[in-house]
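# pasting the sequence and the predicted model now:
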Amino acid sequence: MLKSLKTCHSKVSVSVSASVLAAAKAKNSSSSSSRGAQREKKWTNSSSRRKRNRVTRVSSSKMVVGGRTGRLGRGSVQYRVLAASLGDQENPLPSSQSEMELSKPSQDQGLQFVVPCVFMASLSALCFGYHLSVVNGPLEAITFSATGVTNNLVAQGLVVSTLLMGATFGSLVAGKLADSMGRKKTLLLCGLVLALGPALCVILPGLVPQATRFSALILGRVITGVGVGIASSICPLYISEVSPNKLRGSLGSVNQLTICVGIVLGLLANLIYSASQWRIMFLWSTLPGASLAFCAQWVLPESPRYLASRNLGDKAREAALRLWGSTSQALEEARNMLNTTPGMEEEEEEESPSEKREKPSIFSKKYRKVLTMCVMMFVFQQMSGINSIVFYSSSIFRQVGIQSTALASLTVGVVNMLGTGATCFLIDKMGRRQLMQISYSSMAIAIVVMAASTLSGTAGWASVMILVSVIAYVLAFSLGAGAVPGLYVNEIAPSSVRGQAGSAAFTTHWIMNIIIGQTFLQLAEKFGISAMYFLFAAWCFGALLFINKYAVETKGRSMDEIAKAFVAS
């Protein structure tokens with residue numbers, strides 16, 4: 001017995017005193033029989049057996065037999081800190097003061113890696129924003145090079161709309177890809193598609209006869225759109241899952257911030273290059289796509305939450321420690337994550353074998369509230385009129401003497417970017433719900449002022465009020481309605497359907513984008529621009545009421561805790 005106890009404690013630090021070791025031996029000896037009875041009781045109890053399985057998955061078979069897994073040996077302080085926090089009673093917390101010092105690394109240890117990972121994943125969002133804006137200036141030159149016809153409005157419409165249609169398809173399949181391939185491989189595929197699409201737009205039309213050049217161009221635009229659609233879903237999903245709870249809001253906002261940066265870069269490209277140099281503008285966008293593919297293959301870790309949902313406890317723990325470090329708060333977060341099995345919310349009740357084999361679906365009755373929230377968040381976002389007002393802003397700027405369309409669009413883009421940057425600092429302090437309330441209420445006020453000023457005419461003070469209202473509206477949008485929904489839908493969805501939830505949300509985003517883009521000008525011509533402004537204001541007030549009634553605050557809570565509470569409610 002003494003020999004086995006010495007073997008069990010052979011890896012304890014030499015700084016532990018002999019008296020502490022003797023006390024530990026005595027404690028282990030006196031409690032061995034009671035622990036055996038507890039093990040036998042757990043083995044016969046089905047609910048306790050599920051808990052035991054979770055701990056076993058986290059500890060791993062290699063470590064049970066005394067082996068080493070990854071960078072953490074069984075005898076290391078960090079391993080025993082994590083093992084104890086996960087319920088492994090055979091690997092107690094360090095007892096000596098020196099070991100406690102070693103087990104408390106600096107609070108920034110994890111951030112040294114997770115922040116670069118967030119920005120590397122956001123390269124997909126950079127391409128997203130860039131492709132939305134870069135075609136604005138050279139649109140006619142693009143269509144003329146492929147068709148040989150000037151002022152071909154049908155061709156111009158196809159160049160723009162095919163990107164949106166490809167994005168709709170990309171976001172539709174992104175959830176399936178993220179759940180089947182994993183977040184990391186989906187990011188890799190996204191980067192490859194984002195690099196391939198614009199390259200085809202530039203190269204392929206020159207390799208085919210004149211009659212099929214436009215078709216070749218459209219093919220490249222569709223492929224680019226697929227990459228943009230995948231990016232719109234996978235980037236916020238990945239960022240939300242790799243971010244620690246206390247910074248999930250700030251890091252999650254980086255996705256929207258990078259989209260705004262991409263939009264501004266696309267508009268700057270319109271100012272730097274002439275319209276005939278559109279191929280250079282397109283080729284620039286292949287660099288972030290290729291860089292994303294490289295980083296996804298060689299640098300980015302898989303999402304620890306995704307790995308935990310697939311019963312890969314060892315890999316999930318390694319990824320969590322690599323991303324979040326081994327601070328006490330990070331260890332607690334890792335414990336909560338690793339103790340959550342796939343379909344956590346279903347574990348509390350017994351299921352038949354057929355129910356266990358059936359894959360969870362976001363369209364099932366159980367997740368109806370989650371699906372409704374995901375869809376409505378983006379219906380309200382698009383129906384608030386952001387795309388239409390940004391599109392119409394060029395004429396508003398001309399009324400006050402700014403004739404350059406590119407300069408007007410760049411001004412709006414910079415305001416959007418600055419507001420989103422402010423959101424990164426506010427979202428984890430004020431919370432998601434409060435920011436959305438402030439955002440939609442401010443947007444409603446700004447757009448009502450805009451509509452009233454439009455009815456008053458376009459001369460003198462009215463034009464100035466319209467301009468101020470547009471800037472205030474865009475700023476208010478960027479503070480909440482723009483940045484929060486992409487993060488929020490991934491926070492409220494359980495891990496088993498999180499990819500599907502993001503896919504449903506962003507598919508709604510692109511469908512609404514297409515509908516509004518195709519109908520806004522016709523409706524504005526029939527009913528007047530002021531009537532459209534009032535309609536958008538009504539949707540903003542509707543969004544405010546919806547958020548007040550149904551949205552829950554997610555600040556500072558773990559994703560599994562949020563999802564479980566949201567589904568149960």
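Here it is on my side, so go on.
# is it true that residue 125 touches residue 255?
Yes - using C-beta atoms under 8 Å, residue 125 is in contact with residue 255, at 5.0 Å. For glycine as for every other residue, the C-beta is placed from the backbone atoms N, C-alpha and C.
# now the common contact residues for those two.
Common neighbours of residue 125 and residue 255 (criterion: C-beta atoms under 8 Å, 6 or more residues apart in numbering): residue 235.
# just the helices in the stretch 301-450 of the chain please.
Assigned by DSSP state H, counting those that start in this stretch, the stretch 301-450 of the chain shows helices spanning 304-309, 313-324, 328-338, 353-357, 368-383, 386-399, 405-430, 432-455.
# relative to residue 217, how far out is the spatially most central residue of the chain?
The centre of the chain sits closest to residue 236, judged by C-alpha atoms, centre = their mean, with a distance of 0.9 Å. Going from residue 236 to residue 217 by C-beta to C-beta, to the nearest Å gives 30 Å.
# next one: residue 244
Distance, residue 244 to residue 217, using C-beta to C-beta: 44 Å.
# how about residue 254?
With C-beta to C-beta as the criterion, residue 254 and residue 217 are 32 Å apart.
# need the residues that contact stretch 468-478.
256, 260, 384, 386, 389-390, 393, 396, 411-412, 415-420, 422-423, 438-440, 442-443, 446-447, 449-450, 453.
# how about a cut-off of 6 Å?
Stretch 468-478 is touched from outside by 386, 393, 396, 412, 415-416, 419-420, 439, 442-443, 446-447, 449-450, with contacts defined as C-beta atoms under 6 Å, 6 or more residues apart in numbering.
# just among those, which is most surrounded?
When the contacts of stretch 468-478 are compared by neighbour count (other C-beta atoms under 10 Å), residue 443 ends up highest, at 30 neighbours.
# residues contacting it?
Each residue near residue 443 by C-beta under 6 Å, 6+ apart is listed here: 384, 473, 476, 477, 540.
# any idea how many residues pack against the first one?
For residue 384, the number of neighbouring residues by other C-beta under 10 Å comes to 26.
# picking that back up, and residue 244 and residue 217? which has more neighbours close in?
Applying other C-beta under 10 Å to residue 244 and residue 217 shows that residue 217 carries more neighbours, namely 25 against 20.
# the more buried one and residue 541, how far apart?
According to C-beta to C-beta, residue 217 stands 42 Å off from residue 541.
# do residue 442 as well
Taking C-beta to C-beta, one finds residue 442 at 12 Å from residue 541.
# need the pLDDT of the nearest residue to residue 247 once chain neighbours are set aside.
Residue nearest to residue 247 in three dimensions, not counting chain neighbours: residue 428, with 6.5 Å by C-beta to C-beta, 6 or more residues apart in numbering. pLDDT, residue 428: 91.
# isn't residue 428 up against residue 252?
No - if you go by C-beta atoms under 6 Å, residue 428 and residue 252 don't touch, sitting 9.3 Å apart.
# tell me which of the two has more neighbours.
Using other C-beta under 10 Å, the more surrounded residue of residue 428 and residue 252 is residue 252, with 27 against 19.
# does that one belong to a helix, a strand or coil?
Secondary structure, DSSP: H, G, I helix; E, B strand; the rest coil: residue 252 is helix.
# what about the stretch 451-569 of the chain, any weak spots by pLDDT?
Residue ranges of the stretch 451-569 of the chain with pLDDT under 70: 457-460, 569.
# let me see the ranges of the helices in it.
Remark: helices assigned in the stretch 451-569 of the chain by DSSP H, counting those that start in this stretch are 461-476, 484-492, 498-527, 529-550, 559-568.
# closest one to residue 202 among those?
Relative to residue 202, the nearest member of these by C-beta to C-beta is helix 498-527, separated by 24.3 Å.
# other SSEs contacting that closest one?
For helix 498-527, the contact count by 3 or more C-beta pairs under 6 Å, 6 or more residues apart in numbering; DSSP states H and E identifies helix 153-181, helix 213-242, helix 368-383, helix 484-492 as packing neighbours.
# next one: it to chain centre, how far?
20 Å (C-alpha atoms, centre = their mean, to the nearest Å).
# so which residues of the stretch 51-200 of the chain form strands?
Assigned by DSSP state E, counting those that start in this stretch, the stretch 51-200 of the chain shows no strands.
# can you list the weak-confidence ranges in it?
The model of the stretch 51-200 of the chain has pLDDT under 70 over residues 51-111.
# swap the cut-off to 80 and go again
Scanning the stretch 51-200 of the chain for pLDDT under 80 picks out 51-112.
# just the helices in it please.
Counting by DSSP H, counting those that start in this stretch, residue ranges of the helices within the stretch 51-200 of the chain are 61-64, 77-85, 97-102, 111-121, 123-133, 139-147, 153-181, 183-203.
# put the alpha carbons of the last one into PDB.
Included here for helix 183-203 are C-alpha records, laid out as PDB according to Å, rounded to 0.1, in the frame of the first residue of the first chain:
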ATOM      1  CA  ARG A 183     -14.600  25.600 -38.300                       C
ATOM      2  CA  LYS A 184     -10.900  25.500 -39.200                       C
ATOM      3  CA  LYS A 185     -11.400  23.600 -42.500                       C
ATOM      4  CA  THR A 186     -14.400  25.700 -43.400                       C
ATOM      5  CA  LEU A 187     -12.200  28.800 -43.000                       C
ATOM      6  CA  LEU A 188      -9.600  27.200 -45.200                       C
ATOM      7  CA  LEU A 189     -12.200  26.500 -47.900                       C
ATOM      8  CA  CYS A 190     -13.500  30.000 -47.600                       C
ATOM      9  CA  GLY A 191     -10.000  31.500 -48.100                       C
ATOM     10  CA  LEU A 192      -9.500  29.400 -51.200                       C
ATOM     11  CA  VAL A 193     -12.800  30.400 -52.700                       C
ATOM     12  CA  LEU A 194     -12.200  34.100 -51.900                       C
ATOM     13  CA  ALA A 195      -8.900  33.900 -53.700                       C
ATOM     14  CA  LEU A 196     -10.200  31.900 -56.700                       C
ATOM     15  CA  GLY A 197     -13.300  34.000 -57.400                       C
ATOM     16  CA  PRO A 198     -11.700  37.400 -58.200                       C
ATOM     17  CA  ALA A 199      -8.800  35.700 -60.000                       C
ATOM     18  CA  LEU A 200     -11.300  34.000 -62.400                       C
ATOM     19  CA  CYS A 201     -13.000  37.400 -63.000                       C
ATOM     20  CA  VAL A 202      -9.600  38.800 -64.100                       C
ATOM     21  CA  ILE A 203      -8.100  35.800 -66.000                       C
END
